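Asker: the following block contains a protein sequence and its predicted model.
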Amino acid sequence: MVILTINYKKCPKCGSENAIPIVYGLPGPELFKKAETGKVKLGGCCIEENSPEYYCNDCEYEWNKEEVTDKAYKKIRGIKASVGGFSRGYNKVTIDLTGLNVEWIICGGGMEEVAHQKSIDVQAAESFIDQLKSVKLLNWKRKYESPGILDGTQWEVEIIREGRNIVKSGDNAFPDQWDAFCSAIGKVAGRKFE
Ligand SMILES: [Zn+2]
């Protein structure tokens, strides 16, 4: 099951969910009917790159998925991520995008716990958020699993946001963008996340 954390149909201006899609192109009789009954809004014949895709019946605001996506990623206040295994130990990193601080803990696997901290600048925080967007973190599934492997790699990512936090995790299975995500963490934290 895919949980979509981004609700594109929710008006980014007033928060109303009373929105309808905007349809482009020359409408046929059926589409005209739909438009008359307020199920869709006709956007005209030409669709451009930044054309709005939704219309709010309550405040008349028009927007597209890109705008909602940007807004959702701007709400991320931090990331807590861990990766590792029972025998080799875990890397746990907390990236605080408000306090501009990174904490790194290495633990488990018979090692003594080691913690490091470093501060980051606003630019690093912003480019990290851009990278979270490009790996589509918010659209990852809740859980990735590969049954039948006893010891291996476990990971968890907690997305700290305004409001509710979101947790994604995996057991020997990863989203397609996992490597890109790890290198984004590595870049902001200054150590290899693996
Ligand atoms: Zn609205």
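Answerer: Now that the structure is in, tell me what you want to look at. Residues are numbered from 1 along each chain as shown.
Asker: all contacts plus neighbour counts: C-alpha atoms, from now on.
Answerer: Fine.
Asker: can you count the residues close to the residue nearest to Asn7 when sequence neighbours are not counted?
Answerer: Once flanking residues are discounted, Asn7 sits nearest to Val68: 7.8 Å by C-alpha to C-alpha, 6 or more residues apart in numbering. If you count neighbours by other C-alpha atoms under 10 Å, Val68 ends up with 18.
Asker: Val68 against Pro52, yeah?
Answerer: No - assessed by C-alpha atoms under 8 Å, Val68 is found out of contact with Pro52, at 11.1 Å.
Asker: quick check: the residue nearest to Asn7 is in a strand.
Answerer: No - the assignment for Val68 is helix, going by DSSP: H, G, I helix; E, B strand; the rest coil, so no strand is present there.
Asker: looking at it now. What's its pLDDT?
Answerer: The confidence metric pLDDT takes the value 93 at Val68.
Asker: so how far is the ion from it?
Answerer: 13 Å (C-alpha to the ion, to the nearest Å).
Asker: kindly export stretch 75-94 (C-alpha atoms) in CSV.
Answerer: Output of stretch 75-94 as CSV, limited to C-alpha atoms (Å, rounded to 0.1, in the frame of the first residue of the first chain):
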residue,chain,number,x,y,z
LYS,A,75,7.5,21.9,6.2
ILE,A,76,10.2,19.4,7.0
ARG,A,77,12.0,20.5,10.2
GLY,A,78,14.5,17.7,10.4
ILE,A,79,15.4,14.1,9.6
LYS,A,80,16.3,11.2,11.9
ALA,A,81,17.8,8.4,10.0
SER,A,82,19.4,5.1,11.0
VAL,A,83,21.0,2.3,9.1
GLY,A,84,22.9,-0.7,10.0
GLY,A,85,22.7,-4.3,11.2
PHE,A,86,22.8,-6.4,14.4
SER,A,87,26.4,-7.5,13.9
ARG,A,88,27.9,-4.5,12.3
GLY,A,89,26.2,-1.8,14.4
TYR,A,90,24.2,1.2,13.5
ASN,A,91,24.8,4.7,12.2
LYS,A,92,22.2,7.1,13.6
VAL,A,93,22.0,10.6,12.3
THR,A,94,19.8,13.5,13.4
